[in-house]
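**Q** take this sequence and fold it.
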Amino acid sequence: RPSPEEALQWRDSLEKLLQNPYGLASFRSFLRSEFSEENVEFWVACEDYKKTKSPVKMAEKAKKIYEEFIQTEAPKEVNIDHFTKALTMKNLVEPSPSSFDMAQKRIFALMEKDSLPRFVRSEFYQELIK
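**A** Numbers count the residues shown, from 1 in each chain. Purely as a prediction, here's the structure:
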């Protein structure tokens, strides 16, 4: 469990929050309670994808991420604009570590602007900073 001081830093830094295993778990639980955990799940999947070395594994993961989060009517479809979706699909013709970068940046910005302020006001977070 993080110290209250550590947890306080998360108010201003989604990056610090996501890098902390406890912060990530708390944020995920909070988003799950709001039925909006697909963004953080997509972000985590992209982080895992970027660490993949094998081209075969990369192609498999890319397909899975696409089917789960990007394609229209995907089970956990993330809210990205048409241009970003089209570019991501184009990048997946030859998957590379940066294939999802733009989509991941968009989702990060969305969480930062939208989900993080709600999380900071939540009881989940208030308990952590006591």
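**Q** mind listing what the nearest residue to Asn91 once chain neighbours are set aside touches?
**A** Leaving out its chain neighbours, the residue that sits closest to Asn91 by CB to CB, 6 or more residues apart in numbering is Ser99, at 4.1 Å. Any C-beta I mention is one placed from the backbone N, CA and C, and that applies to glycine too. Applying CB atoms under 8 Å, 6 or more residues apart in numbering, we find Ser99 in contact with 49, 62, 88, 91-92.
**Q** ok, the most centrally placed residue in the chain to Leu18 distance?
**A** For the chain, the residue sitting closest to the mean C-alpha position, by CA atoms, centre = their mean, is Trp43 at 2.3 Å. From Trp43 across to Leu18, the span is 7 Å (CB to CB, to the nearest Å).
**Q** and Phe119, by the same measure?
**A** 11 Å.
**Q** Thr72 now?
**A** For Thr72, the distance to Leu18 equals 27 Å [CB to CB].
**Q** likewise for Lys61?
**A** To Leu18, Lys61 is 19 Å away according to CB to CB.
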